[in-house]
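Novice: Mind folding the following:
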Amino acid sequence: MKTKLFALISCTLLLLAAGCNPNPPQPENPLKGELSAPNWQAPTDYDFGSSMTAVVKVDLTLSFPGQTEDWTLTPDDELAAFMDDKCCGVGDLQEGLFWLYITEPDTPASSAVSLRYYSKHYSNIFEAKDVFVFVNDSHEGSVAAPVTPFFAAPETKN
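Specialist: Now for the predicted structure:
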């Protein structure tokens, strides 16, 4: 009787040990993509009389709580301002904030400025729609109170 009980316990332990994976596969993060860094270019020919500036803080943990614990802002990340689909400014990252010099396109269809953020960590682009309105000779955000947009999840992964 003892040998049968011992054999039953041994088989049970063996099955449990064989079924346990010390490194189970992690679910894929839906924010992860396969995009290379974009080639966003600020306009070179614009009316110097039509511009504004913005100080922007990017924090994906606010837009995607529970999905971005491993995210950090890096010097390889990029931020650009768009009006419609025209790039009207590319950010310069300094001390955790993006500084944008935004110029008005020649013929904007709307004055709403959206922001696109490329995360090197996630190899993906996130967009914040209609963050602010373009107002000539104005400023959005400051070092003490930067614009902190909410970003939408990427529509495609590549």
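
Novice: Test of understanding: give the bridge partners of the nearest residue to V58 once chain neighbours are set aside.
Specialist: Using Cβ to Cβ, 6 or more residues apart in numbering and skipping residues adjacent in sequence, the residue nearest V58 is Y117, 5.3 Å away. Bear in mind the C-beta positions are built from the backbone N, C-alpha and C, glycine included. For Y117, the beta-bridge partners are L79, F126 (DSSP bridges).

Novice: who touches Y117 in this structure?
Specialist: V58, L60, D77, E78, L79, I125, F126, E127, A128, F151 (Cβ atoms under 8 Å, 6 or more residues apart in numbering).

Novice: What ranges does this structure have for its strands?
Specialist: Here the chain has its strands, by DSSP state E, at 51-56, 78-83, 86-90, 92-94, 97-103, 112-119, 124-133, 139-140.

Novice: can you redo those strands as a markdown table with mean pLDDT and distance to P38?
Specialist: Formatted as a markdown table, the strands of the chain follow (pLDDT from 0 to 100; distance: least, Cβ to Cβ, whole Å):
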| stretch | mean pLDDT | distance to P38 |
| --- | --- | --- |
| strand 51-56 | 94 | 16 |
| strand 78-83 | 95 | 6 |
| strand 86-90 | 93 | 9 |
| strand 92-94 | 95 | 15 |
| strand 97-103 | 95 | 14 |
| strand 112-119 | 95 | 5 |
| strand 124-133 | 93 | 7 |
| strand 139-140 | 95 | 22 |
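
Novice: Indicate which one of those strands is closest to D45.
Specialist: Of all the strands of the chain, strand 97-103 sits nearest to D45, with 9.5 Å by Cβ to Cβ.

Novice: Would you mind listing the buried residues in that closest one?
Specialist: Buried residues in strand 97-103, defined by neighbour count with 16 or more other Cβ atoms under 10 Å: L97, F98, W99, L100, I102, T103.

Novice: what's the spacing between the closest residue to L31 other than its chain neighbours and S111?
Specialist: The spatially closest residue to L31, leaving aside those adjacent along the chain, is Y122, at 5.0 Å (Cβ to Cβ, 6+ apart). Relative to S111, Y122 is positioned 30 Å away (Cβ to Cβ, to the nearest Å).
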